[in-house]
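Asks: predicted model and sequence follow; I will ask about them next.
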Amino acid sequence: MSFLDKIEKLSDASVMTYRLVDGSYIMAEEVDYDFEDKIIFIINPVKILEKPGGYQFTSWTITEPSQVITLKERMIMAQAAAPTTLKHNYFQFGLLKMAKEQLTSNEFDEIIQLLFPVVDSKDSDDDHGFDFNKPYKVNKIKKEEEDEEDENPWDRY
């Protein structure tokens with residue numbers, strides 16, 4: 001599958017961001033909508049926290065993967081489709097979370113070292129594994145200098 005095919009597949013996913021009446025932001029995949037009762041059915045919600053230089057994901061509810069959750073329309077202040085970059089990070093976070101729950105600690109650490117070699121590059125005895133009790137940081141993409149116009153814009157992903 002080419003890179004452009006992957007981007008198109010991400011674009012087709014019905015991942016939405018929501019601002020709730022309590023002021024929090026969440027992101028989830030919409031799977032259905034009940035027009036009569038004004039309920040949105042979502043799966044795999046994550047809470048989004050804006051931090052300097054990026055965003056962080058944390059689990060929003062304690063549920064099984066792909067367990068359907070209902071959002072009442074009156075509890076939502078705003079709703080928008082998530083941008084492709086945020087969708088990519090959302091699915092990456094979900095995949096890593098499921099892997100953490102299914103694999104042994106050693107298997108998971110080995111996968112993290114393959115996917116993110118920088119995480120374990122320091123020479124220390126500290127555990128640099130992926131910790132789901134800590135927020136998952138998503139860095140904002142910084143605009144490159146103007147003289148780098150000849151570079152492929154897709155390389156930033």
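Replies: Noted; the coordinates are in hand. Numbers count the residues shown, from 1 in each chain.

Asks: C-alpha only now, for contacts and for neighbours.
Replies: Fine.

Asks: tell me which element residue 36 is part of?
Replies: Of the helices and strands defined by DSSP states H and E, none includes residue 36.

Asks: correction: the previous question concerned residue 40.
Replies: Residue 40 belongs to strand 39-51, assigned by DSSP H and E.

Asks: so which bits of that strand are buried?
Replies: Using 16 or more other CA atoms under 10 Å as the test for burial, strand 39-51 gives 39, 40, 41, 42, 43, 44, 45, 46, 47, 48, 49.

Asks: closest to residue 33 among those?
Replies: Residue 33 has its nearest neighbour among these in residue 40, at 4.6 Å by CA to CA.

Asks: name the nearest residue to that closest one, ignoring sequence neighbours.
Replies: residue 33 (4.6 Å; CA to CA, 6 or more residues apart in numbering).

Asks: the strand or helix carrying that neighbour: partners in the sheet, and parallel or antiparallel?
Replies: Assigned by DSSP H and E, residue 33 falls within strand 25-34. Sheet pairing here is set by DSSP bridges, and for strand 25-34 it gives strand 15-20 (antiparallel), strand 39-51 (antiparallel).

Asks: mean confidence for it?
Replies: Here strand 25-34 scores 93 as its mean pLDDT.

Asks: same question, stretch 74-94
Replies: Averaged over stretch 74-94, pLDDT sits at 89.

Asks: CA atoms of that stretch as PDB?
Replies: In PDB, the C-alpha atoms belonging to stretch 74-94 read as follows (Å, rounded to 0.1, in the frame of the first residue of the first chain):
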ATOM      1  CA  ARG A  74     -26.700  17.900  24.300                       C
ATOM      2  CA  MET A  75     -23.400  17.200  26.100                       C
ATOM      3  CA  ILE A  76     -21.400  18.300  23.000                       C
ATOM      4  CA  MET A  77     -20.500  22.000  22.400                       C
ATOM      5  CA  ALA A  78     -18.600  21.500  19.100                       C
ATOM      6  CA  GLN A  79     -17.800  18.600  16.800                       C
ATOM      7  CA  ALA A  80     -15.400  18.400  13.800                       C
ATOM      8  CA  ALA A  81     -13.700  15.800  11.700                       C
ATOM      9  CA  ALA A  82     -10.200  15.200  13.000                       C
ATOM     10  CA  PRO A  83      -7.300  16.200  10.600                       C
ATOM     11  CA  THR A  84      -5.400  13.400   8.900                       C
ATOM     12  CA  THR A  85      -2.300  13.900  11.100                       C
ATOM     13  CA  LEU A  86      -4.300  13.700  14.300                       C
ATOM     14  CA  LYS A  87      -6.100  10.600  12.900                       C
ATOM     15  CA  HIS A  88      -2.700   8.900  12.300                       C
ATOM     16  CA  ASN A  89      -1.600   9.600  15.900                       C
ATOM     17  CA  TYR A  90      -5.000   8.500  17.200                       C
ATOM     18  CA  PHE A  91      -4.800   5.100  15.500                       C
ATOM     19  CA  GLN A  92      -1.100   4.700  16.500                       C
ATOM     20  CA  PHE A  93      -2.000   5.400  20.100                       C
ATOM     21  CA  GLY A  94      -4.800   2.800  20.000                       C
END
